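>>> How does the following fold in three dimensions:
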Amino acid sequence: MKKLSYCNCMCFLLLSVFLIGTMTSSVHAASIPEDVHFLIPGGAGGGWDGTARGVGKALADSGIIKHASFENMSGGGGGKAINYLITTKERQHGTMMVNSTPIVIRSLTGVFPQSFRDLTLIASVIADYATLIASVIADYAAFVVPKNSKIKSWNEVVAMFKKDPRSVKVAGGSVQGSMDHLVPAMAMEAAGGDPLALVYVPYDAGGKAMAGLLSGDTQVLSTGFSEAVGLANQGEVRILAVTSEKRLSQAPDVPTLKELGYDVSFANWRGFFGAPGLPEEKAEGYRAMLKKMYDTKEWEQIRSRRGWQNLYKPGQEFHDFLVKQEKVIGDLMRKLGFLK
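From the prediction side, this is the model:
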């Protein structure tokens, strides 16, 4: 009995040492970086820019990281930055690239040859991939007009479109067939109009799209709610409608498309990708960093002010989410005629 007891004790001791070693390795593997460089696939003033800079500020101001730097690289509907991340992978281990729903849409439409699968750790045998770090926030779409516009409601926009589709030019901070294009097309179809008749005017990022709206080149801007609410608070625009299921606390007077009688709702995720060949311990460090950010007052202030909703889907969970989204969006785009 004593011998058995001794063996049991030794086994327990060895198991304890193993577990402690494993826990220590896990903590080490998820070591949070001190500095993060954010690669932004669009110009200043857009949703990607606001997300990267908001996250970077929250991380730095809360002391989770020491320093955040930012690089805007617009072009090719985001494809230029994706290609850059892949071709310079050896020196990008300290970089996180922000992206969102358009990476699914633009891949489906062939705007660039890559898809999220080229940016995701699908299997260790794949040499040229980037690591999918995490989906961080969700944002709704919004339709806005200049503050002094004669258009007072979304129903008026619908009436104008039905009378003469060319009388309504819709601006967006992205290319043809993008989310900014797809959402108003969905809304017009739900209203009984022809979505392919929509006159969509693409701009390089939200700042230029807003300039086009304020100059009178377009009548309506299709954008993310987080950008719209900031501009509305500054007194530059009025929000006509949002694509959330229920009214949002940051703009309680703004109706949803659903309550106006149009069966449309849409939410845009935004998340981060790492460079090809990024070691798993570094990827886990980035994931731990973003998860820790949620508990800070600095993040809560930025999130609530911009109208973002928390959405944390790390690694494989994020990948599975994108696979499902690709199917849903692809089916919808075929229905609307954007894909064959």
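
>>> Okay, and Gln301 sits in which element?
helix 297-306 (DSSP states H and E).

>>> who's in contact with that helix?
With contact meaning Cβ atoms under 8 Å, 6 or more residues apart in numbering, helix 297-306 is reached by 50, 54-55, 57-58, 61-62, 137, 226, 229-230, 250, 293, 308, 310. Heads up, the C-betas are built off the backbone N, CA and C, glycines and all.

>>> Please enumerate the helices of the stretch 201-340 of the chain.
Listed in chain order, the helices of the stretch 201-340 of the chain (DSSP state H, counting those that start in this stretch) span 206-214, 225-233, 280-293, 297-306, 315-336.

>>> And the stretch 51-200 of the chain, by the same measure?
Using DSSP H, counting those that start in this stretch, helices in the stretch 51-200 of the chain cover 79-87, 102-108, 154-163, 179-190.

>>> can I get those in CSV with distance to Gln316 and mean neighbour count?
Listed next are the helices of the stretch 51-200 of the chain as CSV, based on distance: least, Cβ to Cβ, whole Å; neighbours: other Cβ atoms under 10 Å:
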stretch, distance to Gln316, mean neighbour count
helix 79-87, 20, 19
helix 102-108, 17, 23
helix 154-163, 39, 18
helix 179-190, 24, 24
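
>>> Mean pLDDT lowest where, among the ones you listed?
If you rank the helices of the stretch 51-200 of the chain by mean pLDDT, helix 102-108 sits at the bottom with a mean of 84.

>>> Run through the neighbouring helices and strands of that one.
Using 3 or more Cβ pairs under 8 Å, 6 or more residues apart in numbering; DSSP states H and E, the elements in contact with helix 102-108 are helix 179-190, helix 315-336.

>>> Pro202 and His181 touch, don't they?
Yes. Here Pro202 reaches His181: they are 7.3 Å apart, a contact under Cβ atoms under 8 Å.

>>> tell me, what's touching the two both at once?
Between them, Pro202 and His181 share the contacting residues 172, 174-175, judged by Cβ under 8 Å, 6+ apart.

>>> Neighbour-wise, which one of these leads?
Counting neighbours by other Cβ atoms under 10 Å, Ser174 comes out on top of these with 29 neighbours.

>>> For that one, which residues are in contact?
Residues counted as contacts of Ser174 (Cβ under 8 Å, 6+ apart) are 42, 77, 102, 180-181, 202-203, 205.

>>> Take those and write them to TSV, including distance to Lys162.
TSV is the format used below for the contacts of Ser174 (distance: Cβ to Cβ, whole Å):
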residue	distance to Lys162
Gly42	33
Gly77	30
Pro102	28
Asp180	21
His181	19
Pro202	23
Tyr203	25
Ala205	30
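
>>> Pick out whichever of the residues you listed sits closest to Pro195.
Nearest to Pro195 among those: His181, at 9.6 Å, using Cβ to Cβ.

>>> ok, how many other residues are close to Ser167?
That count, for Ser167 with other Cβ under 10 Å as the rule, works out to 12.

>>> Please apply the same query to Lys66.
11.

>>> so it touches Asp35, yeah?
Yes. With contacts counted by Cβ under 8 Å, Lys66 reaches Asp35, the gap being 6.0 Å.

>>> how's this structure carved up into domains?
Domain assignment of the chain by automatic domain parsing yields the ranges 33-138+267-336, 139-242.

>>> weakest of those domains in terms of mean pLDDT?
When the domains of the chain are compared on average pLDDT, domain 33-138+267-336 comes out lowest at a mean of 85.

>>> How far does that domain stretch from one end to the other?
44 Å (Cα to Cα, to the nearest Å).

>>> what about that domain, distance to the chain center?
The chain centre lies 7 Å from the centre of domain 33-138+267-336; the measure is Cα atoms, centre = their mean, to the nearest Å.

>>> Relative to Phe321, tell me which of the helices of the stretch 51-200 of the chain wins on proximity.
Nearest to Phe321 among the helices of the stretch 51-200 of the chain is helix 102-108; the distance by Cβ to Cβ comes to 10.4 Å.

>>> how close does Met186 sit to Phe266?
7 Å (Cβ to Cβ, to the nearest Å).

>>> Leu231 too?
Distance of Leu231 to Phe266, given as Cβ to Cβ: 19 Å.

>>> Comparing these two, which residue is more hemmed in?
Each of Leu231 and Phe266 has its neighbours counted (other Cβ under 10 Å); Leu231 has more, 23 against 19.

>>> ok, the more buried one to Gln309 distance?
19 Å.

>>> One more: Pro252?
Taking Cβ to Cβ, one finds Pro252 at 16 Å from Gln309.

>>> Just want to know which of these two has more residues nearby.
Taking neighbours as other Cβ under 10 Å, Pro252 and Gln309 compare with Gln309 leading, 15 against 7.

>>> Can you get me a residue count around the nearest residue to the more buried one once chain neighbours are set aside?
In space, and not counting its chain neighbours, Gln309 is closest to Ala138: 4.3 Å by Cβ to Cβ, 6 or more residues apart in numbering. Ala138 has 16 neighbouring residues, counting by other Cβ under 10 Å.

>>> Okay, Ala138 and Thr256: tell me how far apart.
For Ala138, the distance to Thr256 equals 15 Å [Cβ to Cβ].

>>> repeat for Lys327
25 Å.

>>> neighbour-wise, which of those two wins?
Thr256 (19 against 11).

>>> these two touch, right, that one and Leu240?
No. Taking contacts as Cβ under 8 Å, Thr256 lies outside contact range of Leu240: 11.0 Å.
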